[in-house]
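A.B. asks: A structural model of the following input is requested.
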Amino acid sequence: LTWQARQAERERDFFRDQLQRQTPAKPEPAAPEAPKAAPKLEDFNYDEVAYQAALTAHVTAEAARQVRDEFRKEQEQLTQKQKAESWRKRASDFAAKTPDYEETAYYAPIPDEAAEIIKDCENGPEIAYYLGKHPDEAKALSGLSEAGMARAIGRIEAKLEAPPAPAPVVTPKPVSKAPP
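C.D. replies: Below you'll find the predicted structure:
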């Protein structure tokens, strides 16, 4: 009984760790900065020198904002491209070992949010294949929140990573040497 309680605690801790690894704290993408209004001559009491200085500062700040926005977009595109390339490599490696992978995984009823979580998993192709073989579990994901999906996918991942249970050892019944 104590062993079962300890085992349940270990499994709980394992799934909690899996969930934390799968859904790292992602900072919210910064919203693009809104352009600020250009200064007006009347804001400077028609002082040309002060107005020109403010206008130059405004143009410089606006150019810097545009550069930051462009850089942020390029970084997001690069991250998406790397993620997609990593997924393709893992999927092709798994497909080489599993002949019906594409027919099974690509036609599984996996929700888009769950697919994004699966793509982040190290053994994502195996999880997608599993969900293709078990469509009822894939359909159940669509009724969950994003955190619920991550937990469910973590359980599937743990199930796939767990070593197979050893076959029960059948020991022959000892033969008594007592006289009948």
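
A.B. asks: any regions of this protein where pLDDT drops low?
C.D. replies: 1, 15-33, 164-165, 180 (pLDDT under 70).

A.B. asks: helices along that one, start to end?
C.D. replies: 2-22, 48-97, 101-105, 112-120, 124-133, 135-141, 146-161 (DSSP state H).

A.B. asks: highest mean neighbour count out of those helices?
C.D. replies: helix 124-133 (a mean of 22; mean count of other C-beta atoms under 10 Å). Any C-beta I mention is one placed from the backbone N, CA and C, and that applies to glycine too.

A.B. asks: on that earlier part again, tell me which of the helices of the chain lies nearest to P172.
C.D. replies: Nearest to P172, of all the helices of the chain, is helix 2-22, at 26.5 Å by C-beta to C-beta.

A.B. asks: ok, residues contacting stretch 115-124?
C.D. replies: With contacts defined as C-beta atoms under 8 Å, 6 or more residues apart in numbering, stretch 115-124 is touched by 22-23, 83, 87, 90-91, 110, 127-128, 131, 146, 149-150, 153, 157, 160-161.

A.B. asks: okay if I get the helices of the chain as TSV plus distance to A178?
C.D. replies: As requested, these are exported to TSV (distance: least, C-beta to C-beta, whole Å):
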stretch	distance to A178
helix 2-22	35
helix 48-97	55
helix 101-105	58
helix 112-120	62
helix 124-133	53
helix 135-141	55
helix 146-161	48
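
A.B. asks: and these: which comes nearest T171?
C.D. replies: helix 2-22 (20.9 Å).

A.B. asks: start and end of stretch 99-107, how far apart?
C.D. replies: 15 Å (C-alpha to C-alpha, to the nearest Å).

A.B. asks: and P35, which of the helices of the chain is closest to it?
C.D. replies: From these, taking C-beta to C-beta, the stretch that ends up closest is helix 48-97, at 6.1 Å.

A.B. asks: helices or strands up against that closest one?
C.D. replies: The elements that helix 48-97 packs onto, with contact taken as 3 or more C-beta pairs under 8 Å, 6 or more residues apart in numbering; DSSP states H and E, are helix 101-105, helix 112-120, helix 124-133.

A.B. asks: got those helices as a markdown table, with distance to A54 columns?
C.D. replies: Converted to a markdown table, those look like this (distance: least, C-beta to C-beta, whole Å):
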| stretch | distance to A54 |
| --- | --- |
| helix 101-105 | 59 |
| helix 112-120 | 45 |
| helix 124-133 | 53 |
